[in-house]
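**Student:** here is a sequence together with a model predicted from it:
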Amino acid sequence: MSRLLIIEDDLDLQEGLSFSLQAEGYETVCAGSMREGMELLREGAFELVLLDCNLPDGSGFDCCRSIREHRQSPDSRIPILMLTARDTELDEVKALELGASDYMRKPFSLAVLKARIKKLLQHQKQPHILTSNAISLDKDKCRVFRGEEELACSRIEYKLLLCFMEHKNQVLSKEQILEQVWDADGRFVDEGAVAVNIRRLRTKIEEDPAEPKLLQTVYGLGYIWKEG
């Protein structure tokens with residue numbers, strides 16, 4: 001059962017959210033102020049925070065910043081879904097820049113809220129550091145290591161490696177790689193870009209790029225990340 005913290009000073013909304021989310025199987029704990037919410041975070045473990053932007057003793061922005069500033073605390077990584085009655089794009093941009101995971105304007109659909117909570121919790125359960133064949137990839141910081149050595153990878157090289165490590169021991173065609181690595185940016189790229197960038201990536205991750213052991217070519221089909 002996922003445990004959620006609701007920081008909302010509107011008691012009617014607080015109770016309504018708590019009742020609806022408990023009906024979905026979540027455990028909820030409520031706070032009516034920034035101070036109370038931060039104390040609850042320090043005292044117990046939660047999987048997600050629902051955070052109102054307007055609180056009696058500070059803004060939700062201040063609360064979000066305080067949570068994210070405690071980098072060494074497990075709570076610093078917790079998903080934060082901010083709720084606001086203010087319909088301005090600047091507030092949404094500010095919330096996301098401060099580290100909010102998602103943002104919803106009041107009034108909102110409970111069904112949509114529940115769907116977003118479910119998605120955030122699913123993402124949180126995914127591993128943030130992938131490790132295979134002595135290669136480690138930190139998804140939060142977009143950094144790559146071979147053992148203790150950090151590898152300087154370009155953005156495309158990083159996305160390629162992430163794609164292969166998330167689909168280890170699976171053959172990926174050039175079309176699949178183009179779709180996952182390049183089409184996400186909405187750009188058309190020639191198929192030759194796949195081979196070029198894989199060669200560059202091999203020079204950084206393989207002991208002998210001419211005889212690759214990790215990122216292998218499957219002739220006529222594509223490429224595969226072989227986990228030994």
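**Tutor:** Alright, I've got the coordinates.
**Student:** C-alpha from now on. contacts and neighbour counts both.
**Tutor:** Noted.
**Student:** the helices in the protein, which residues?
**Tutor:** Secondary structure of the chain, counting by DSSP state H: helices at 11-23, 34-43, 60-69, 89-97, 110-125, 155-166, 174-177, 192-205.
**Student:** which of those helices comes out lowest on mean pLDDT?
**Tutor:** Mean pLDDT values for the helices of the chain show the minimum at helix 89-97, a mean of 84.
**Student:** report all helices and strands that that helix contacts.
**Tutor:** helix 60-69, strand 102-105 (3 or more Cα pairs under 8 Å, 6 or more residues apart in numbering; DSSP states H and E).
**Student:** residues in contact with that helix?
**Tutor:** Residues from elsewhere that reach helix 89-97 (Cα atoms under 8 Å, 6 or more residues apart in numbering): Phe61, Cys64, Met82, Asp102, Tyr103.
**Student:** distance of the residue most central in space within the chain from Leu48?
**Tutor:** The centroid of the chain falls nearest to His123 when counting by Cα atoms, centre = their mean (6.0 Å). Taking Cα to Cα, to the nearest Å as the measure, His123 falls 11 Å from Leu48.
**Student:** same deal with Cys64?
**Tutor:** Plainly put, Cys64 is 12 Å away from Leu48 if you go by Cα to Cα.
**Student:** and what of Trp182?
**Tutor:** Distance from Trp182 to Leu48, by Cα to Cα: 32 Å.
**Student:** residue contacts, the closest residue to Ile78 other than its chain neighbours?
**Tutor:** Closest residue in space to Ile78, ignoring its immediate chain neighbours: Leu48 at 5.7 Å, by Cα to Cα, 6 or more residues apart in numbering. Listed by Cα under 8 Å, 6+ apart, the contact set of Leu48 reads Arg3, Leu4, Leu5, Ile78, Pro79, Ile80, Leu81, Ile117, Leu121.
**Student:** can you rerun that using 10 Å?
**Tutor:** Contacts for Leu48 (Cα atoms under 10 Å, 6 or more residues apart in numbering) come out as 2-6, 28, 75, 77-81, 101, 117, 120-121, 124.
**Student:** tell me which of the residues you listed fall in strands.
**Tutor:** Judged by DSSP state E, strands contain the following of the contacts of Leu48: Arg3, Leu4, Leu5, Ile6, Thr28, Ile80, Leu81.
**Student:** can you count the residues close to Val112?
**Tutor:** 11 (other Cα atoms under 10 Å).
**Student:** wait, it sits on Met104?
**Tutor:** Yes - shown here, Val112 and Met104 form a contact pair, counting by Cα atoms under 10 Å, at 9.5 Å.
**Student:** and the residue nearest to Ile78, how far from Gly16?
**Tutor:** 17 Å.
**Student:** burial check on the closest residue in space to Asp9 that isn't next to it in sequence, number of neighbours?
**Tutor:** Excluding its sequence neighbours, the residue lying closest to Asp9 (Cα to Cα, 6+ apart) is Gly32, at 4.2 Å. As a burial measure, Gly32 scores 18 neighbours (other Cα under 10 Å).
**Student:** what pLDDT does Gly32 get?
**Tutor:** On the pLDDT scale, Gly32 gets 94.
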